[in-house]
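> curious how this folds, go ahead:
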Amino acid sequence: MTDKKIIYPKEFIKDVLIQEYGEIVPKHPYLAYALICSGIEMLGKCLNKSHTWESKSNDFIKCINKLFPEKYHRIEKELKDELRNGLLHSLRPKSKIKLDELRKTNIFKNNHPHIYDNEITLVIEYFYIDFVEACKKVIEKDFPKESKMHKPFINIT
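Numbering: from 1, shown residues only. Sure thing, here's the model as predicted:
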């Protein structure tokens, strides 16, 4: 008989989106971008008032606008269309997005995301830091007792 572990949304955010993604970022930065995009989508679903986890077309943008620093708000559509859609549908960002990492860049945190000449450069370490802060906001948020946030999210065997 296999043991099943029931994981609730906030526990999943802590254990997977923060902890496991944190282990992936330094080892596999390119894959981390795609995972973070998926995580942003999940965080947006946490915020929507639906009682299910079904897809909503605005969950990604809702997360960016409600949980990420304001500097991301002005590029929300590009992040969804160029980064998220590109990575999650074909594992490559579209042409306006450039991916970078700290060891290869001269972009500093206060200038991130970097926008120049109609291109947006994201540095994975900075993007992950901002993603973790978004995760923490969801973890700290009080959700109504009947919310999906208080119900099992996934069973792992």
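> ok, longest helix in this structure?
Determined from DSSP state H, the single longest helix within the chain is helix 29-47.
> which other residues reach whichever helix or strand comes after that helix?
Downstream of helix 29-47, the next assigned helix or strand under DSSP states H and E is helix 59-67. By C-beta atoms under 8 Å, 6 or more residues apart in numbering, the surrounding residues in contact with helix 59-67 are 37, 40-41, 43-45, 47-48, 72-73, 76-77, 79-80, 84, 133-134, 137-138. (Glycine included, C-beta is placed from N, CA and C.)
> just the buried members of those?
Among the contacts of helix 59-67, the ones that count as buried by 16 or more other C-beta atoms under 10 Å are 37, 40-41, 43-45, 47-48, 72, 76, 79-80, 84, 134, 137-138.
> least confident of those residues?
The member of the buried ones among the contacts of helix 59-67 with the lowest pLDDT is Asn48, at 90.
> give me the residue at the spatial middle of the protein.
Nearest to the centroid of the C-alpha atoms of the chain, with distances taken as C-alpha atoms, centre = their mean, sits Ile40, at 2.8 Å.
> skipping its backbone neighbours, what lies nearest that residue in space?
Closest residue in space to Ile40, ignoring its immediate chain neighbours: Cys63 at 4.9 Å, by C-beta to C-beta, 6 or more residues apart in numbering.
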